[in-house]
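Enquirer: predicted model, plus sequence, below.
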4 protein chains.
Amino acid sequence: MSKFRFLTAGESHGKCLTAIIEGVPAGFEINSEFINSELKRRQGGYGRGARMKIESDTVEITSGIRFGKTIGSPITLVIQNKDFENWQKIMSIYPEDFTDEKSFTKCRPGHADYAGSIKYNQKDLRNILERSSARKTAIETAVGAVAKQILEKFNVKWSSRIIQIGNVKENFEQEIDKAKEIGDTLGGKFEIIFENLPIGLGSYVHWDRTIDGKIAQTVMSIPAIKSVSFGNYNAYKMFGSEYHDEMFLDNGKIVRKTNNAGGVEGGMTNGQPLIVTAVMKPIPTLKKPLSTVDLLTMEETQAHFERSDTCAVEACSVVAEARIATVLADEILEKFGGDNFEEIMKRI
Amino acid sequence: MSKFRFLTAGESHGKCLTAIIEGVPAGFEINSEFINSELKRRQGGYGRGARMKIESDTVEITSGIRFGKTIGSPITLVIQNKDFENWQKIMSIYPEDFTDEKSFTKCRPGHADYAGSIKYNQKDLRNILERSSARKTAIETAVGAVAKQILEKFNVKWSSRIIQIGNVKENFEQEIDKAKEIGDTLGGKFEIIFENLPIGLGSYVHWDRTIDGKIAQTVMSIPAIKSVSFGNYNAYKMFGSEYHDEMFLDNGKIVRKTNNAGGVEGGMTNGQPLIVTAVMKPIPTLKKPLSTVDLLTMEETQAHFERSDTCAVEACSVVAEARIATVLADEILEKFGGDNFEEIMKRI
Amino acid sequence: MSKFRFLTAGESHGKCLTAIIEGVPAGFEINSEFINSELKRRQGGYGRGARMKIESDTVEITSGIRFGKTIGSPITLVIQNKDFENWQKIMSIYPEDFTDEKSFTKCRPGHADYAGSIKYNQKDLRNILERSSARKTAIETAVGAVAKQILEKFNVKWSSRIIQIGNVKENFEQEIDKAKEIGDTLGGKFEIIFENLPIGLGSYVHWDRTIDGKIAQTVMSIPAIKSVSFGNYNAYKMFGSEYHDEMFLDNGKIVRKTNNAGGVEGGMTNGQPLIVTAVMKPIPTLKKPLSTVDLLTMEETQAHFERSDTCAVEACSVVAEARIATVLADEILEKFGGDNFEEIMKRI
Amino acid sequence: MSKFRFLTAGESHGKCLTAIIEGVPAGFEINSEFINSELKRRQGGYGRGARMKIESDTVEITSGIRFGKTIGSPITLVIQNKDFENWQKIMSIYPEDFTDEKSFTKCRPGHADYAGSIKYNQKDLRNILERSSARKTAIETAVGAVAKQILEKFNVKWSSRIIQIGNVKENFEQEIDKAKEIGDTLGGKFEIIFENLPIGLGSYVHWDRTIDGKIAQTVMSIPAIKSVSFGNYNAYKMFGSEYHDEMFLDNGKIVRKTNNAGGVEGGMTNGQPLIVTAVMKPIPTLKKPLSTVDLLTMEETQAHFERSDTCAVEACSVVAEARIATVLADEILEKFGGDNFEEIMKRI
């Protein structure tokens, strides 16, 4: 049984996004303001569209916390959709409210529309768009913000940075402006670092316990991520003697001069900074629309367009940071065991 | 409950490797010769060391199959270690057989030795090496060979190829020879393709159901894999208008002219070939040994060397193919439901 | 991966109870009025206290359903606490609202108070009471009401009845009145029947797939349940020749004259009605309080009393019905596979 | 992730039974002789048939243990079928060995035959019998014997006793002899006690974490078990004031004078002995055969008979003890966390 299992729910224009987190021991301080600041980070970054400005997500905690601390019960997080009154009828749960307003059938390449409509047998692609939207990463960020507050108690640190946007490695604002002007979009590459992790999170003993495997799943599951790497991504070009992080002694302590492995050896954290790199594809909703097929009329046409961003790599890196935090919090809580904060702290 | 859950066990020089697969419906034909041919593929490839030649793995099926077909019961696969008589005492389960023959304390960088010895509190790094060894991928390959025989019934096809070894994209035998000569090792990049998959495997509705997330975990968990990608790995450099796979009609059927997405949109298979690329780091066991620390004496020294390969990228691609097959077999069996082959075939 | 996995959350006097259900295929009609009628059933029954009258639970669905049907996304159910304004400060998530109003330390025997306070290191037993309360069965009943609406599409039927309250097998209202008068409480025994289930739900092939095992867990997990049985609970007194349900032919169809097995053979449904019997202990909150210990002062005292029922066996049977429905819906959805209603119906 | 997850495999007359246990920390002493003594206990008891005498099961450990201690790797347990040479052809995995020797179609009421043949679409009921047989409890007993050796390190104690066989509460040998004489069978009721468990195993916070729920599943999943109870099974007849275990002080320590709850309150262990009672139905394989239907000819007939026991309640109690031990070992290992024995012992 995981110590940090969770389910998330909610449509992009539905009433709210919800998450339930189950398994967190009692006595951990959880601050909703920190969660809100993470939600704000996710909404930022150069290249975001109009929706981000109107929304300003905030979380409400409706269970699991009392007087600032976890009590062992499942934690519920809710992010209201501030624009819901405009969507109430369109997203109604009641059959009598049926409307085809905002329905669409012009499949957006790069999105879940096509496969989703077949899988779930939906004619109105709105029913696919609503859950496949990147909007759901808001509640995932909130979940990660809970995980981060747990990690803080173990002195774990983290950071992230953009490595490249399109073909530009620095000052990429211009590149984004250019893309916006021509109604196009951009992806990019970013890096997440977690430091001060205990040695030995994850394991080599069974494939589904490797820490790199778990992190790869969680990061790859973020919409638009197409590649996940650990450490030096030129690994395939290097000789073993160049690549591997040799070990030395410094005042009786084991040290390394390199970190090509990105902090993972044998499916475990090895005491060096954990370095994860990910590639985000360009956003598939384009103002200058893509060629596609209308699934209703089965005619060639141009893809449905709905308010979107030009570039969301920075937001995506915030989400990835959050997602990795949930994996690490789960691993650390499992490592230390215990049902309450006081008991756990004695074990560090 | 998964339709293809499994556990594997076994040490590199232990008596045998074992896997139990649970959840396969009854009536599927499983042929042990096919499993053996996959085991042989895993042992091949240019750059393998001496062990591969002596071993010639073969599988024994000890449960779950009768007269060539699954009967619904869990399937047990066993690969005997043909060299076990030489290791019987060294790997004995009995305390009275204790010996420090073959024990070592000179930590091998790039392996699980260091973190493993701390995590599991082991002084003899043999206790880490034995399970963290790539030897365990033999039984994972056997498990994948069962999955492939299931996939065949759904007309799924697969293939793999090496993209690059070190700095060479073709005719890399010379590069490997060179590395071998200088006691060094090489990694590489390879690609796996699965074709003819049903549309809609995986889902966007919850992060842990995305097919790319599941595949990323399973491939990243293979020892030495450091990067996993789907489709065009230049995604981060491209404009949205260049990257996304537009949709057209051809005789009333939806077609694409590109497959930059690698067959995955919205966390689901989209009907195009599934293309996974992975990077393998160079093998960390070097004849020309790396600098390291002896964990017993805490002195700087050179890493323990144990018979090894120069390059195992081809073997690794066979393992990756097998691992992806297990994920896909699980997804397909879940999609069709049913408890026996005849019932399932009616649903296709 | 389960087809009907869910998490629930919420404290007894918290803002709301929440559940997220993940895995339900698209296209199933889900009616919130039916859920409300089930919530009403749970609040009824002879012997309930005052709280049941003020509350009248109703569900709000905030995701996963559009125009009356599931769309494949996770489903969120919320039951607001109508009395929350009186508890807002007491149950606040903010540290600055800290109050010891409504806190208590006089351990209630039969409740989670004692073990919970040690496990979660809580001095205020309110932090234990709030989640261990039977209040959480309201949201479990709502989850079960979703499951029942799925089962209806497969023509499954169900019913339940009280077998015994205290020492009385019929007209037990008097017995309850008597208990109430003396400030005491009563438990009882009840029976749940599900009919028209497909043959072969569950399996003997692995212990964690037996249908009776899964149902036993789910029913035993209901607060106050102490015993779960299938079929004739005199099984231990009977000869094999008396107990086993012999098979005969009636117009070419296999029939039985008895159902001592309660519809389960070999861990699977066998086509006969599934009959589950459970025993509920008497409610542990007594007006005539029990002897106990104050965990703060460590003095002998009388247990904390909080508004409660005299007898809740009928409510408990409604919860058990709901809980069994979730297990069966999960099994049936797994059996038929498929991602949408239309696809599934073709397979029946 | 569980700390004691396992899969078992093997047919009744197959080559061997196998189990893989994954998640056990390193450094625990595991003795195969203790496992063998538990296997012997399972084979004993008054009323067993001839097979028990020829078999004398012994375990072989083929992975996960070195020099008497776990090393963190998955543990493989194998029990060879000593009679396999007589079954080699009949249980062959090869299609060319096909034979209908030992096949049967006369459905045995009370067994998995009927539902199993439909579920798995098998004409030869041998394919159902082989895995649904109680034979698989041998390997489950071996798994439990590993769990027990872990529990011993935490000073946990256990015992079991038969409460009733048929209508007899003591000296039931005569009752069994009588049944045997008339070709009939008997079930019974037995009790398992675990003492000295830590307070707070399990939890009330989510239904699937209650310790009584987990134990109920595991015990109910044993073939022939029809009822599972905790503590006083007259709970439904008693007043709350009679039933609940009041708390008192004795030299400053909290004590109870009764244990009607059977050591479980609020889904958690409460420091008192854990008492589980279970009912086993009479064995369904009768020498004096039951009326049934031949599934091939669809004619009424008498059930297939295969060598069997008259009464196996004692064996069943050994299995139940083993099964509960696995649940408790998992819970305790999760509670203490840690990856190796030395680390864990510091936390007790």
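Expert: Looks like it came in fine.
Enquirer: does the host helix or strand of A:Thr8 reach chain B?
Expert: Using DSSP states H and E, the element containing A:Thr8 is strand A:5-9. Yes: contact of strand A:5-9 with chain B is found when judged by C-beta under 8 Å from any C-beta of the partner chain, involving A:7-8. Where C-beta positions appear, they are placed from N, C-alpha and C, glycine not excepted.
Enquirer: neighbouring strands of that strand in the sheet, and parallel or not?
Expert: If you go by DSSP bridges, strand A:5-9 pairs up with strand A:16-22 (antiparallel).
Enquirer: what's the mean pLDDT across the strand it pairs with?
Expert: Across strand A:16-22, pLDDT averages out at 98.
Enquirer: who's in contact with that strand?
Expert: A:4-10, A:64, A:74-81, A:84, A:135-136, A:138-140, A:142-143, A:146, C:7-9, C:18-20, C:62-63, C:76, D:205-206 (C-beta atoms under 8 Å, 6 or more residues apart in numbering or on different chains).
Enquirer: helix or strand right after that strand?
Expert: Using DSSP H and E, the first helix or strand after strand A:16-22 is helix A:32-43.
Enquirer: next one: that next one to chain centre, how far?
Expert: Mean C-alpha position of helix A:32-43 versus that of the full chain (C-alpha atoms, centre = their mean, to the nearest Å) differs by 13 Å.
Enquirer: which outside residues touch it?
Expert: So helix A:32-43 is in contact with A:52, A:55-61, A:77, A:79, A:137-138, A:141-142, A:144-146, A:148-149, A:315, A:318-319, A:322, C:93, going by C-beta under 8 Å, 6+ apart.
Enquirer: C-alpha coordinates for that helix, CSV please?
Expert: The C-alpha trace of helix A:32-43 is given here as CSV (Å, rounded to 0.1, in the frame of the first residue of the first chain):
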residue,chain,number,x,y,z
SER,A,32,-2.6,26.0,1.6
GLU,A,33,-0.7,29.2,0.8
PHE,A,34,2.3,27.3,-0.4
ILE,A,35,-0.1,25.2,-2.6
ASN,A,36,-1.5,28.5,-4.0
SER,A,37,2.0,29.8,-4.8
GLU,A,38,2.7,26.6,-6.7
LEU,A,39,-0.5,27.0,-8.6
LYS,A,40,0.5,30.5,-9.5
ARG,A,41,3.9,29.3,-10.7
ARG,A,42,2.1,26.8,-13.0
GLN,A,43,0.0,29.6,-14.5
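Enquirer: show me the strands in the stretch 51-200 of chain A, by range?
Expert: Per DSSP state E, counting those that start in this stretch, the stretch 51-200 of chain A has strands spanning A:59-63, A:65-66, A:69-70, A:75-80, A:157-165, A:188-195. These are given in chain order.
Enquirer: walk me through which strands the first one pairs with, and which way each runs.
Expert: Translated: strand A:59-63. strand A:75-80 (antiparallel).
Enquirer: so the strand it pairs with versus helix A:32-43, what angle?
Expert: 50 degrees (axes from the mean of the first three to the mean of the last three C-alpha atoms, to 10 degrees).
Enquirer: how about the residues of the stretch 1-150 of chain A by chain B?
Expert: A:7-8, A:107, A:109-116, A:118-119, A:128, A:131-132, A:140.
Enquirer: which parts of the lengthiest helix in chain A are buried?
Expert: Scanning chain A for the longest helix, with DSSP state H as the assignment, gives helix A:313-336. Of all the residues in helix A:313-336, those buried under the rule 16 or more other C-beta atoms under 10 Å in any protein chain shown are A:313-336.
Enquirer: from those, pick out the ones that also neighbour chain D.
Expert: A:334-336.
Enquirer: and those residues near chain B, which?
Expert: Near chain B, by the rule C-beta under 8 Å from any C-beta, you find none of these.
Enquirer: ok, those residues vs B:Ile193, which is closest?
Expert: Set against B:Ile193, the nearest of these by C-beta to C-beta is A:Glu334 (36.3 Å).
Enquirer: so what's that closest one up against?
Expert: A:Glu334 neighbours (C-beta under 8 Å, 6+ apart): A:2-3, D:1, D:334, D:337.
Enquirer: so for these, which is the shakiest by pLDDT?
Expert: Scoring the contacts of A:Glu334 by pLDDT puts D:Met1 last, at 64.
Enquirer: next, format the strands of the stretch 51-200 of chain A as TSV and append distance to D:Met345, mean neighbour count and mean pLDDT.
Expert: Below are those laid out as TSV (distance: least, C-beta to C-beta, whole Å; neighbours: other C-beta atoms under 10 Å in any protein chain shown; pLDDT from 0 to 100):
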stretch	distance to D:Met345	mean neighbour count	mean pLDDT
strand A:59-63	36	23	98
strand A:65-66	34	27	98
strand A:69-70	28	22	98
strand A:75-80	32	24	98
strand A:157-165	31	18	97
strand A:188-195	30	22	98
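Enquirer: who's in contact with A:Gly262?
Expert: A:229-232, A:272-276, B:226.
Enquirer: run the last query once more with 7 Å
Expert: Shown in contact with A:Gly262 (C-beta atoms under 7 Å, 6 or more residues apart in numbering or on different chains): A:230-231, A:274-276.
Enquirer: okay if I get those as CSV plus secondary structure, pLDDT and neighbour count?
Expert: Formatted as CSV, the contacts of A:Gly262 follow (DSSP: H, G, I helix; E, B strand; the rest coil; pLDDT from 0 to 100; neighbours: other C-beta atoms under 10 Å in any protein chain shown):
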residue, secondary structure, pLDDT, neighbour count
A:Phe230, strand, 98, 26
A:Gly231, coil, 98, 26
A:Leu274, strand, 98, 28
A:Ile275, strand, 98, 21
A:Val276, strand, 98, 26
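Enquirer: switch these over to a markdown table; also include distance to A:Ser308.
Expert: Output for the contacts of A:Gly262, formatted as a markdown table (distance: C-beta to C-beta, whole Å):
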| residue | distance to A:Ser308 |
| --- | --- |
| A:Phe230 | 31 |
| A:Gly231 | 33 |
| A:Leu274 | 32 |
| A:Ile275 | 30 |
| A:Val276 | 26 |
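Enquirer: need the helix or strand of chain A with the lowest average pLDDT.
Expert: Least confident helix or strand, chain A: helix A:50-55 with a mean of 63, by mean pLDDT, DSSP states H and E.
Enquirer: what residues are up against A:Asn232?
Expert: Contacts of A:Asn232 (C-beta under 7 Å, 6+ apart): A:Asn260.
Enquirer: and for whichever residue of the stretch 201-348 of chain A sits closest to chain B, nearest residue in space, chain neighbours not counted?
Expert: Among all residues of the stretch 201-348 of chain A, A:Gly266 sits closest to chain B, at 2.3 Å; criterion: C-beta to the nearest C-beta. Nearest residue to A:Gly266 in three dimensions, chain neighbours excluded: B:Ala112, at 2.3 Å (C-beta to C-beta, 6 or more residues apart in numbering or on different chains).
Enquirer: now do A:Thr105
Expert: Counting by C-beta to C-beta, 6+ apart, the residue nearest A:Thr105 is A:Leu296, at 3.9 Å.
Enquirer: same deal with A:Asn270?
Expert: Per C-beta to C-beta, 6+ apart, closest to A:Asn270 is B:Ala115, 4.6 Å.
Enquirer: A:Pro109 too?
Expert: Nearest non-adjacent residue to A:Pro109, counting by C-beta to C-beta, 6+ apart: B:His244, 4.6 Å away.
Enquirer: show me what from the stretch 1-150 of chain A comes close to chain D.
Expert: A:1-2, A:22, A:72-74 (C-beta under 7 Å from any C-beta of the partner chain).
Enquirer: and those, which are buried?
Expert: Buried among the residues of the stretch 1-150 of chain A next to chain D (16+ other C-beta under 10 Å): A:1, A:22, A:72-74.
Enquirer: which of those residues sit farthest apart?
Expert: Longest span within those, C-beta to C-beta: A:Met1 and A:Ser73, 15.4 Å.
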